[in-house]
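Asker: sequence plus the predicted model coming up.
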Protein chains: 2
Amino acid sequence: MIARTPSPPYFAVIFTSIKRPNDIGYSEMAKHMEELVVKQPGYMGHESARDGLGITVSYWESLEAIAAWKALSDHKTAQKLGKESWYSNYAVRICRVEKAYVFP
Amino acid sequence: MIARTPSPPYFAVIFTSIKRPNDIGYSEMAKHMEELVVKQPGYMGHESARDGLGITVSYWESLEAIAAWKALSDHKTAQKLGKESWYSNYAVRICRVEKAYVFP
């Protein structure tokens, strides 16, 4: 689903990843992260797709809200397991959204 | 593939879309746009995934480079056909990338 976001400015985290073939525990953790992120202060929505490459974009009210999500204990565990077990490569890009258009 | 981008700041266009069931001509146009975009001045790479929701993120040296790509004649034709024929919904978000981390 396309996230409904307000007029800019707001912030986005673009998380692009390639998974390893063996990803035991990944889908349970992804589900747990989905449940957690929607409760985070300043969270405004996210969009996700994977076909080989995975792209998840989450939208936030402020850089402080993004930093708090990054520092959350369960999320830090997920980040550690991501590096150790699930991802062969990833990139995280933190952005300020300056303009937006929607159709229709 | 994860785009290799330099240290921030640089710019990103997040294009999120949902297609209509009938998308005649879409894949040919998508291929043509892929061939064109890589030749654009200021283009730095892109990432794409679709599973129901489609997400394409392209990376750029400047807002001017993004504006020139948006205004390119063949791209304008693609945008028009996108609205008329291929997409039920989309969002375009233009961002300034402020921080980035890569793994490994």
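Answerer: On my side now, so go ahead.

Asker: please tell me how far the one residue in chain A that gets nearest to chain B sits from A:Ala12.
Answerer: Closest to chain B within chain A is A:Cys95: 3.7 Å, counting by Cβ to the nearest Cβ. Every residue, glycine included, has its C-beta placed from N, CA and C. Per Cβ to Cβ, to the nearest Å, A:Cys95 is found 5 Å from A:Ala12.

Asker: how many other residues sit next to A:Ile14?
Answerer: For A:Ile14, the tally of surrounding residues (other Cβ atoms under 10 Å in any protein chain shown) stands at 22.

Asker: given the longest strand along chain A, what are its sheet partners and their directions?
Answerer: Counting by DSSP state E, the longest strand found in chain A is strand A:87-103. Its sheet considered, strand A:87-103 pairs with strand A:10-19 (antiparallel), strand B:87-103 (antiparallel) by DSSP bridges.

Asker: any buried residues in it, and which?
Answerer: A:87, A:90-95, A:97, A:100 (16 or more other Cβ atoms under 10 Å in any protein chain shown).

Asker: A:Ile55 belongs to a helix?
Answerer: No - under DSSP: H, G, I helix; E, B strand; the rest coil, A:Ile55 sits outside any helix and is assigned strand.

Asker: how many other residues sit next to it?
Answerer: Neighbours of A:Ile55 using other Cβ under 10 Å come to 26.

Asker: repeat that for A:Ala78.
Answerer: Neighbours around A:Ala78, by other Cβ under 10 Å: 19.

Asker: surely it touches A:Met29?
Answerer: Yes - taking contacts as Cβ atoms under 8 Å, A:Ala78 lies within contact range of A:Met29: 5.3 Å.

Asker: show residues contacting stretch A:62-82.
Answerer: Identification of contacts with stretch A:62-82 by Cβ atoms under 8 Å, 6 or more residues apart in numbering or on different chains yields A:11, A:13, A:17, A:25, A:29, A:32-33, A:36-37, A:40-43, A:58, A:60, A:90, A:94, B:98.

Asker: would you mind writing the ChimeraX command to select the buried ones in these?
Answerer: To isolate in ChimeraX the members of those that are buried, counting by 16+ other Cβ under 10 Å, one can use:
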select /A:11,13,17,29,33,37,40,42,43,58,60,90,94
